[in-house]
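Asker: What would the 3D arrangement of this be:
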Amino acid sequence: MTVSILSRFAAHGGRQLVARHTSRATGTEMTFAIFLPPQADSGPCPVVWYLSGLTCTHANVMEKGEYRKAAAEAGLIVVCPDTSPRGEGVADDEAYDLGQGAGFYVDATQKPWATHFRMKTYIEVELPEVVAANFPADLDRQGIFGHSMGGHGALTIALRNPSRFRSLSAFAPIVAPSQVPWGQKAFPAYIGPDPAKWRRHDAVALIEDGARFPEILVDQGEADTFLADQLKPELLARACSDAGIGLTLRMQPGYDHSYYFISTFMPDHIAWHARRLAA
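Answerer: Sure, this is the predicted structure:
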C-alpha cells in the first residue's frame, strides 16, 4: 500500500501532492491527487473524495477546481482519483465516452474491459485503504462529490454505502445513466446487456429500489449542452421527492458543463461537506 510521491506543492498553508501506487484492483499503476490542509500536520483530518468526469484525469480538478483555499480553511483532505486504469495493455476505445478516461466507476464483467476496469472496487475499497495507510486521514468522517460521470459515481457510491459517508454532493451529475445515451453505451460494454444489472450503478434506480441518503446538494448549469439529453436532473428530483430524500437542486443560469462552472460553486460544496464532517 505504499505510494510514490510524484510532485509536491505548497498551497494555502497545506500541501498539494500527486501520488502513484500499484493497484491490485486494476492491475495497473494508478495516480491520484491529494490535498493535505495545514491541520493535517497536527493530526487526522476528514476526507472528501472528488470523482472526475469523462476524459478527465486527477489533474483536471487539481488544476482548475479551485478547492484548496476552502479545504484549507475547513481542514479537509481532498482526494482526486483518476477516472480509469491507463497504460500499455489496457483496453481502450476510439470514442471519448468508453475506455480509458471513461471508467464509469463500475467493475466491468465483459471482455475486454474486465481485466483492468474495476473502478468500483478501486474507489470503494482499495484507494481508501491506500490513503489511510499513507496519510493522516480520518475515515470515520468521509464525504464524496464529483462532476458529470464523477457525479454519477459519487451518487451511486454514497447510496450503496450510506453508513460510510456523512456528506454527498455533485456538479451536473449523470443521475440516471440507464436512461441516457452515455450509460446506454457504457453499461452494456462494461457489465453486459441485462438492464437489471445496471440498476446498482444508477442513482435514480437505486433510490427507486430503496437506497437512501439523508441529503444531497446538486448544482446544475442551465446552459449545459448535456442537460436535456444526458443529465436529466428532474429524474433525480422526482426520485428524491418520492423517497423523502432531502435534495437541494440549484439550477444555475448561464453556466455550462465546464470547470468555470465547477470552480464558481466549489466553495459552496466544500462548505456543505465541512459542516457535515465537523462533528
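Asker: switch to C-alpha atoms for all contacts and neighbour counts from now on
Answerer: Fine.
Asker: burial measure for the closest residue to D97 other than its chain neighbours, as a count.
Answerer: In space, and not counting its chain neighbours, D97 is closest to L54: 6.3 Å by C-alpha to C-alpha, 6 or more residues apart in numbering. Applying other C-alpha atoms under 10 Å, we find 21 residues neighbouring L54.
Asker: repeat for T2
Answerer: By the criterion of other C-alpha under 10 Å, T2 has 12 neighbours.
Asker: contacting residues for it?
Answerer: By C-alpha atoms under 8 Å, 6 or more residues apart in numbering, the contact set of T2 is H21, V130, A133, N134.
Asker: Now, of those residues, which are buried?
Answerer: Neighbour counting with 16 or more other C-alpha atoms under 10 Å marks H21 as buried within the contacts of T2.
Asker: Tell me which of the contacts of T2 fall in strands.
Answerer: Under the assignment DSSP state E, the contacts of T2 contribute H21 to strands.
Asker: Could you pull out the strands in the stretch 51-200 of the chain for me?
Answerer: Using DSSP state E, counting those that start in this stretch, the strands of the stretch 51-200 of the chain run over 77-81, 137-147, 165-171.
Asker: and these as TSV, adding mean pLDDT, distance to D92 and mean neighbour count?
Answerer: Listed next are the strands of the stretch 51-200 of the chain as TSV, based on pLDDT from 0 to 100; distance: least, C-alpha to C-alpha, whole Å; neighbours: other C-alpha atoms under 10 Å:
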stretch	mean pLDDT	distance to D92	mean neighbour count
strand 77-81	98	19	26
strand 137-147	98	22	23
strand 165-171	98	26	26
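Asker: would you turn those into TSV with distance to A243?
Answerer: Output for the strands of the stretch 51-200 of the chain, formatted as TSV (distance: least, C-alpha to C-alpha, whole Å):
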stretch	distance to A243
strand 77-81	30
strand 137-147	21
strand 165-171	16
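Asker: Would you tell me which of those gets closest to Y67?
Answerer: Nearest to Y67, of all the strands of the stretch 51-200 of the chain, is strand 77-81, at 8.3 Å by C-alpha to C-alpha.
Asker: Note down every partner strand of that closest one and its orientation.
Answerer: Strand 77-81 pairs in its sheet with strand 29-36 (antiparallel), strand 45-51 (parallel), by DSSP bridges.
Asker: what inclination does it have with respect to strand 137-147?
Answerer: Put simply, strand 77-81 runs at 50 degrees to strand 137-147, going by axes from the mean of the first three to the mean of the last three C-alpha atoms, to 10 degrees.
Asker: contacting residues around stretch 41-57?
Answerer: Residues contacting stretch 41-57 (C-alpha under 8 Å, 6+ apart): 39, 58, 60-61, 75-83, 96-97, 100-102, 136-151, 153-154, 273, 277.
Asker: make it 7 Å
Answerer: Applying C-alpha atoms under 7 Å, 6 or more residues apart in numbering, the contact partners of stretch 41-57 are 75-83, 96-97, 101-102, 136-139, 141-151, 153-154, 277.
Asker: Please report how far H21 lies from E63.
Answerer: The gap separating H21 from E63 is 21 Å, by C-alpha to C-alpha, to the nearest Å.
Asker: With D242 instead?
Answerer: D242 is 38 Å from E63, where distance means C-alpha to C-alpha.
Asker: Check L139 too.
Answerer: From L139 across to E63, the span is 25 Å (C-alpha to C-alpha).
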